[in-house]
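> fold the following, please.
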Amino acid sequence: MRIGEIAALVGVTPRAVRHYHHQGLLPEPTRRANGYRDYSVRDAVLLARIRRLTELGLGLDEVRDVLADDAGRELAEVLEELDEDLGRQQEQIAERRRRLGALLEQARAGRLTAEGPVSPELAALFGNLAEAPAGRPESAMAAKDRELLALLDTVAPDAERDRLLEAMRRMTEAPGAAERAYEVYELLDALADEDTGTDDPRVEEAARALADSVPDAVAEGLGADGTLPEGPFQDAFFADFSPAQAAAVRRALRIVAERAR
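Numbers count the residues shown, from 1 in each chain. Below you'll find the model as predicted:
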């Protein structure tokens, strides 16, 4: 058989056959006098086995290992690992569908936020602080807070995200939580264009108000001096703050860390 014939017989493309040759999975067959490859039934059986293994989800390196063990002992081991991996993927897909279902409910009810789609837990948190209390102006800091929470919702490890959002949820469900939150937002909004440090009394006032509103559970993720874990999130967290706002937030985190000792 020529390459096109064996490819058609097994149900792959000639390009795939050449790739398997290049990867060392399929030995080069003998060649005819005219230089064309001459494949045998044995080659077709091997090619069919490669196809079945790749369709099961094995990578080419794993296929190579399986083919190297004619007794099939390693094949059973690799298939067990593949079965476990597929089980994990199935659980992940089920969890993603659960979250997607919750997002669909939000969308159908017209409750998706500008920062969405977000997790159902964060959507509920946003719902508790959706609108400024009567008499309070729209807050730039409130919008920034929602953006940072949406980022945290995406990049934080699941356990850490769930812990923080649960703490925030309890905080926002407390009586008067929205009013207190917007008082803090106003204090931070007033520092939006300021290039001052902790010696500014307004910075200390905003810091203490913010610290009073932050759940104690937040301290678990802080350093002893109130610093956030190093990494991209820390950079993004402070990126859009004015110097005075950043000073107030850092001071608040230190207060929270000291309170938790």
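
> residue ranges with poor pLDDT in the stretch 101-250 of the chain?
Within the stretch 101-250 of the chain, the stretches falling below the threshold (pLDDT under 70) are 102-103, 106-107, 109-118, 127-137, 197-198, 219, 221, 229-233.

> how close does Asp153 get to Phe238?
Shown here: Asp153 relative to Phe238, a distance of 18 Å by Cβ to Cβ, to the nearest Å. Using the backbone N, CA and C atoms, a C-beta is placed for each residue, glycine as well.

> neighbour-wise, which of these two wins?
The residue with more neighbours, out of Asp153 and Phe238 and counting by other Cβ atoms under 10 Å, is Asp153; that gives 20 against 14.

> just after the helix or strand containing Arg18, pick out the following helix or strand.
Secondary-structure assignment from DSSP states H and E places Arg18 in helix 14-22. Sequence-wise, the next helix or strand beyond helix 14-22 is strand 30-31, with elements assigned using DSSP H and E.

> which helices and strands does that following strand pack with?
Secondary-structure packing of strand 30-31 (3 or more Cβ pairs under 8 Å, 6 or more residues apart in numbering; DSSP states H and E): strand 37-38.

> what about Asp61, how many residues nearby?
Taking other Cβ under 10 Å as the criterion, the count of residues near Asp61 is 10.

> nope, Leu9 is what I meant
14.

> before we move on, what about Arg208?
16.

> next structured bit after the helix or strand where it lies?
Taking DSSP H and E as the definition, Arg208 sits inside helix 201-213. Toward the C-terminal end, the helix or strand that comes next after helix 201-213 (DSSP H and E) is helix 232-239.

> ok, residues contacting that following helix?
When contacts are taken as Cβ atoms under 8 Å, 6 or more residues apart in numbering, the neighbours of helix 232-239 outside the stretch itself are 148, 151-152, 155-156, 227-228, 246, 249.

> tell me which residue lies farthest from the centre of the protein.
No residue in the chain has its C-alpha farther from the mean C-alpha position than Ala33, which lies at 57.1 Å (Cα atoms, centre = their mean).

> sorry, back to before: which of the contacts of helix 232-239 has the most neighbours?
For these, the largest neighbour count, defined by other Cβ under 10 Å, is 22 neighbours, found at Val249.

> for the helix holding Arg208, name the packing helices and strands.
helix 177-189, helix 243-260.

> quick check: which of the ones you listed is nearest to Gln89?
helix 243-260 (38.0 Å; Cβ to Cβ).

> roughly how far out does the closest one sit from the chain middle?
Relative to the mean C-alpha coordinate of its chain, helix 243-260 is positioned 27 Å out (Cα atoms, centre = their mean, to the nearest Å).

> I'd like the average pLDDT over the strand or helix carrying Leu47.
Taking DSSP H and E as the criterion, Leu47 maps to helix 41-55. Over the span of helix 41-55, the pLDDT mean works out to 87.

> list the buried residues for that helix?
Counting neighbours by 16 or more other Cβ atoms under 10 Å, one finds that the buried residues in helix 41-55 are 43-44, 46-47, 49-51, 53-54.

> same check on stretch 9-26?
For stretch 9-26, the neighbour count (16+ other Cβ under 10 Å) marks 10, 12, 16-17, 20, 25-26 as buried.

> stretch 186-195 now?
186-189, 191, 194.

> show the end-to-end separation of it, please.
By Cα to Cα, to the nearest Å, the extent of stretch 186-195 from end to end equals 17 Å.

> sounds good, over and out.
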